[in-house]
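**Student:** Provide a 3D model corresponding to the input given below.
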Amino acid sequence: MSRLLILSAAMLSFAAPTFAAGTHKDGHGDGHADEHHAEMAVGMPGDAHHATRTVEISMLETDDGEMLFEPRDLTFAEGETVRFVITNDGEQEHEFVLDTPEANQEHKDLMARFPEMEHDDPNAIRLQPGEGGEIVWTFANEGEFEFACLILGHYESGMHGPVVVR
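**Tutor:** Presented below is the predicted three-dimensional model:
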């Protein structure tokens, strides 16, 4: 009986990190997404009524295996609110994640360890082929940021680009 208890305790200690991996810092399911995202370096969710422009983003793959966003780079003014209209024109699932390069790298590494992880962040959207969606974002800070697809192998295939906020 004590052997079963030890085995059960050992199994629970391995289960805890897996459970925690379903959510991670940056607000995935922590119940404080609005508070956290108001403090993101790249900005915060915006009000669609205050959007000063709309930027259409296409996610796709090329015949030679490159995965990309069109346009490939973005520039905004500090304080600008933008409506991103994002379409997956490819044949694979893709996502658009707006953040700092460092945060995207951490997120990408975590997704490599836990590929079934689901997201619920206002700075990201995941779309199946043919789907479309929107993100409204206010760029609150000057700096160099990044948009990327963090699905395993997509970033390495070219799915990322710079965002400059002046």
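**Student:** burial of residue 106, as a residue count?
**Tutor:** By other CB atoms under 10 Å, the residues close to residue 106 number 16. C-beta coordinates here come from the backbone N, C-alpha and C atoms, glycine included.
**Student:** next up, phi/psi of it, please.
**Tutor:** Backbone torsions of residue 106, given as degrees, to the nearest 10, read phi -60, psi -40.
**Student:** buried ones in stretch 117-133, by neighbour count?
**Tutor:** 119, 121, 122, 123, 124, 125, 126, 127 (16 or more other CB atoms under 10 Å).
**Student:** mind checking the SS state of residue 107?
**Tutor:** helix (DSSP: H, G, I helix; E, B strand; the rest coil).
**Student:** so the residue nearest the centre of the chain versus residue 156, what's the distance?
**Tutor:** The chain has residue 97 as the residue nearest its centroid, 2.9 Å off, counting by CA atoms, centre = their mean. Look at residue 97 and residue 156: by CB to CB, to the nearest Å, they are 15 Å apart.
**Student:** where does this structure dip in pLDDT?
**Tutor:** 1-39 (pLDDT under 70).
**Student:** what ranges do the helices span in it?
**Tutor:** In the chain, the helices defined using DSSP state H lie at 2-21, 33-37, 101-113.
**Student:** ok, now which ones touch the residue nearest to the centre of the chain?
**Tutor:** Contact analysis of residue 97 by CB atoms under 8 Å, 6 or more residues apart in numbering lists 104, 107, 121, 123, 124, 147, 148, 149, 150.
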